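K.L.:
attaching a predicted model along with its sequence, questions to come.
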Amino acid sequence: MTTQSTIAQSPATDAAEPLKYKTFVDKILALPFENLSSHELQQVWYLSWVAAVEFGEALRLTQEMYPDHAGLQEMILGELDTTNLALEDFQEPRDHHEFLSHFLNKHGVMEKMEAELGEHAATYLAACRALDPHTRAMTVFSREEELSGIFARFLDSAEENWDAPGLYAFKHYLTTHIVLDSSEGGHHELTNDFPIDDSVSPFFEARFATFRLVPALEASGAYDA
Ligand SMILES: [Fe+2]
């Protein structure tokens, strides 16, 4: 069993070396999310659901790996089997990805998006699932640091676009999750003692590739990797 003492003994990251995964995060943040149409926002919503499914898997693996880490256990209470996203008829304790799929189905968006992006979703999931459990755990900790900034960029899409079917629920997910992750004592603070290194780079590269499937984001040729 891995303990916090073995976490502390992990090799320190060389601060002089810029981390490659951070360049992928920066590329994601620099994508022109403000240009998304309402249909493209629905695509981002679907892709967020796919990512959240894998996040739940990785988090359950992480829970098994570090059962004695109090901050992680507290963070998990806010991600899995939780009511902290409760909205309309979604009130029972569930994982966050189930919130997203509930409203994607409720508003008839899921089927349309599966036809458009389902094949890619399978590719993304396979890339994430190919990472070893230690790396998948590290992607969880890195997501608690990076996703609030990325979610904030989604919210830069024009106000009128959010009127399309179901997008109010996606906006609820984003705004709530930014608070959960980035507030004082939030998910990032609870898990920021876990070291993160460039093993997570393939994860952020795969995430960047998913965003490039959205036409308004693909067209930004300046961001070719
Ligand atoms: Fe979180």
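P.N.:
Structure's in. What do you need?
K.L.:
longest helix in this structure, by residue count?
P.N.:
Longest among the helix segments of the chain by residue count, using DSSP state H, is helix 38-65.
K.L.:
what's that one packed up against?
P.N.:
helix 70-77, helix 96-106, helix 109-129, helix 133-154, helix 167-182, helix 201-211, helix 215-218 (3 or more C-beta pairs under 8 Å, 6 or more residues apart in numbering; DSSP states H and E). Yep, even glycine has a C-beta here, placed from its N, CA and C like the rest.
K.L.:
for residue 61, which of those is the nearest?
P.N.:
helix 133-154 (5.0 Å; C-beta to C-beta).
K.L.:
the closest one to helix 38-65, inter-axis angle?
P.N.:
Orientation note: helix 133-154 sits at an angle of 150 degrees relative to helix 38-65 (axes from the mean of the first three to the mean of the last three C-alpha atoms, to 10 degrees).
K.L.:
give the buried residues for helix 133-154.
P.N.:
For helix 133-154, burial by neighbour count (16 or more other C-beta atoms under 10 Å) applies to 135-148, 150-151, 153-154.
K.L.:
give me every residue in this protein lying close to the ion.
P.N.:
181, 187 (C-beta under 5 Å from the ion).
K.L.:
residue ranges in the chain under the pLDDT threshold?
P.N.:
Applying pLDDT under 70 to the chain flags the ranges 1-16, 219-225.
K.L.:
in the protein, which residue sits nearest the ion?
P.N.:
Taking C-beta to the ion, the ion has its nearest neighbour within the chain at residue 187, 3.7 Å off.
K.L.:
check contacts around that residue.
P.N.:
75, 78, 79, 144, 180, 181 (C-beta atoms under 8 Å, 6 or more residues apart in numbering).
K.L.:
closest to residue 204 out of those residues?
P.N.:
residue 144 (13.7 Å).
K.L.:
is the closest one in contact with residue 183, as I believe?
P.N.:
No - using C-beta atoms under 8 Å, residue 144 makes no contact with residue 183, being 11.7 Å away.
K.L.:
leaving out chain neighbours, which residue sits closest to residue 92?
P.N.:
With sequence-adjacent residues excluded and distances taken as C-beta to C-beta, 6 or more residues apart in numbering, residue 92 is closest to residue 83, at 7.2 Å.
K.L.:
contacting residues around that neighbour?
P.N.:
Residue 83 neighbours (C-beta under 8 Å, 6+ apart): 91, 92, 93.
K.L.:
how about a cut-off of 10 Å?
P.N.:
90, 91, 92, 93, 94 (C-beta atoms under 10 Å, 6 or more residues apart in numbering).
K.L.:
ok, of those, which come out buried?
P.N.:
90, 94.
K.L.:
so of the contacts of residue 83, which ones are in helices?
P.N.:
Those of the contacts of residue 83 lying in helices (DSSP H): none at all.
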